[in-house]
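[1] Here is a sequence with its predicted model. Questions after.
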Amino acid sequence: MSGAARYLVLNSGFKIPTLGFGTYLLQGDALKCALDYALFLGYRHIDTALSYQNESAIGEVISDRIRSGKLCRKDLFVTSKVPSAYLAYHAALDSAKMSLENLKLKYLDLLLIHHPWGVVNRGDGTLKPLDRNGKRQLAIYNLNETWQAFELLVNQGLVNNIGVSNFTARQIERIWKTATIKPSNVQLECHAYLQQYELEQYCQGKNVIMSAYAPIGAPGKPDRTEKDPDLLQDPVVTSIACECGKSPAQVLLNFLIQRKMVVITKSERPDKIQENADVFDWSLTSKHKLAIKDLDKNIRFFRFEWAACHPEFSDEPF
Ligand SMILES: NC(=O)C1=CN([C@@H]2O[C@H](COP(=O)(O)OP(=O)(O)OC[C@H]3O[C@@H](n4cnc5c(N)ncnc54)[C@H](OP(=O)(O)O)[C@@H]3O)[C@@H](O)[C@H]2O)C=CC1
Ligand SMILES: O=C1CO[C@H](CO)[C@@H](O)[C@@H]1O
């Protein structure tokens, strides 16, 4: 059986490790232990965001490893994201600089616009501003101007690559048309229940690498409801896992990396961190892949209900 590539590379020189370590909901010592172990095992791609409020702890782990000679900066790939309150031109520059300072890094490997849906910036660091009815205070920003700020960050050597997250193809196209530096990465929810073939086709046409978040179905998401089936318990997935002698999570990750996608997985359990890394030296059979393809049912775990009234919110895939 052939394996899958550990790095995805574009002609432009953009090179990204296929396996990313997700850090949403990881904080403090639990984060530091999990990340240190992931780096020990060979993970080289860390996914964070200003809004995860964990960049300082991540920065400590990275600096300790570099200082002790266990890691070279050039071998590491760090992604951060600019949150919805920071989409105005100068705010986007500030956000990237805050991330760099928190992470104690001189440059980011990748910076993404976290969401196309803006919220009000109160000037005091509030990330989720609420009105007096408890509703998120939405705001409209010109995403092309946000992109211009991203291009400046590249030109200043503070960021190596830029991209977007939770964007529809139409929204990416709007950026594409005016961009001097094109997006090299699109991060979006993608797993067996939301396979994202339309966006895949768009991204392939543009030579853009896709990164899948929630690749095993975000089983630990705190606000899960009955709308959120457990992908890891899906009988098709569990029976393929049994046949391959792999875990359900490994089957789901292998399915995505065979599609030449980056996968971003998060775990704070050492056994799961290790399990999620063992996805390269084997492949699902064509029959297995077809069976998983049939599971596609447009189920999204991250529904962003707070943004539903935003003019940039869309029924189109994102
Ligand atoms: N751009 C965006 O808008 C978004 C980006 N992201 C990024 O993507 C990352 C991944 O998304 P996330 O929601 O964390 O999704 P995942 O699909 O990776 O699910 C993570 C959950 O699965 C559990 N888990 C991990 N590995 C296994 C395993 N092998 N078997 C069983 N359970 C397992 C974890 O629990 P435990 O920790 O207890 O092991 C955790 O609760 C985020 O951390 C973040 O970096 C996520 C959402 C949105
Ligand atoms: O990255 C993310 C993790 O989850 C958050 C809360 O739903 C999202 O805002 C965000 O996109």
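    Here it is on my side, so go on. Numbering: from 1, shown residues only. Ligands and ions are numbered 1, 2, ... in the order given.

[2] Please make it C-alpha for all contacts and neighbour counts, starting now.
    Noted.

[3] Near ligand 1, which residues of the stretch 201-318 of the chain? Just list them.
    Selection of the stretch 201-318 of the chain residues close to ligand 1 by C-alpha under 6 Å from any ligand atom yields 213-220, 249, 264-269, 272, 275-276.

[4] ditto for the stretch 51-200 of the chain
    Near ligand 1, when you scan the stretch 51-200 of the chain using C-alpha under 6 Å from any ligand atom, you find 114, 165, 187-188.

[5] just how off-centre is stretch 305-313 within its chain?
    With C-alpha atoms, centre = their mean, to the nearest Å as the basis, stretch 305-313 stands 20 Å off its chain's centre.

[6] Okay, buried residues for that stretch please.
    When burial is assessed from 16 or more other C-alpha atoms under 10 Å, stretch 305-313 yields the following buried residues: 307, 310, 312-313.

[7] between these, which is nearest ligand 1?
    Ala307 (12.4 Å; C-alpha to the nearest ligand atom).

[8] residues contacting the closest one?
    Applying C-alpha atoms under 8 Å, 6 or more residues apart in numbering to Ala307 gives the contacts 117, 136, 138, 313.

[9] Which pair in these has the greatest spatial separation?
    Greatest spacing in these, by C-alpha to C-alpha: Arg136 and Phe313 (13.9 Å).

[10] most surrounded residue in the contacts of Ala307?
    Trp117 (26 neighbours; other C-alpha atoms under 10 Å).

[11] Let me see the mean pLDDT of stretch 278-289.
    Mean pLDDT, computed over stretch 278-289, is 96.

[12] and that stretch, how far out from the chain's middle?
    With C-alpha atoms, centre = their mean, you get 22 Å for stretch 278-289.

[13] Then stretch 295-314?
    Chain-centre distance of stretch 295-314: 16 Å, with C-alpha atoms, centre = their mean.

[14] ends of it, how far apart?
    23 Å (C-alpha to C-alpha, to the nearest Å).

[15] gap between Gly118 and Pro317?
    Distance from Gly118 to Pro317, by C-alpha to C-alpha: 18 Å.

[16] Where strands are concerned, which of the contacts of Ala307 count?
    Mapping the contacts of Ala307 onto strands (DSSP state E) picks out Leu138.

[17] just the contacts of Ala307 now: which is nearest ligand 1?
    Trp117 (11.3 Å).

[18] ok so, going back, quick one: which of Gly118 and Pro317 has more around it?
    Gly118 (24 against 17).

[19] Name the residues of stretch 227-245 that are buried.
    Applying a neighbour-count criterion of 16+ other C-alpha under 10 Å, one finds 228-229, 231-232, 236-238, 240-241, 244 buried in stretch 227-245.

[20] what about the helices in the protein?
    28-41, 55-67, 89-103, 143-155, 169-178, 197-206, 235-244, 248-258, 270-277, 286-293 (DSSP state H).

[21] Please save the CA atoms from the second one in PDB.
    Once side chains and other backbone atoms are set aside, the C-alpha atoms of helix 55-67 remain, and they are given as PDB (Å, rounded to 0.1, in the frame of the first residue of the first chain):
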ATOM      1  CA  GLU A  55      -0.500  32.000  21.600                       C
ATOM      2  CA  SER A  56       1.700  32.900  24.600                       C
ATOM      3  CA  ALA A  57       1.700  29.400  25.900                       C
ATOM      4  CA  ILE A  58       2.500  28.100  22.400                       C
ATOM      5  CA  GLY A  59       5.300  30.600  22.200                       C
ATOM      6  CA  GLU A  60       6.800  29.300  25.400                       C
ATOM      7  CA  VAL A  61       6.800  25.700  24.200                       C
ATOM      8  CA  ILE A  62       8.400  26.700  20.800                       C
ATOM      9  CA  SER A  63      11.100  28.900  22.500                       C
ATOM     10  CA  ASP A  64      12.000  26.200  25.000                       C
ATOM     11  CA  ARG A  65      12.400  23.700  22.300                       C
ATOM     12  CA  ILE A  66      14.400  26.000  20.100                       C
ATOM     13  CA  ARG A  67      16.600  27.100  23.000                       C
END
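
[22] Summarise which helices and strands it is packed against.
    Here helix 55-67 touches helix 28-41, helix 89-103, going by 3 or more C-alpha pairs under 8 Å, 6 or more residues apart in numbering; DSSP states H and E.
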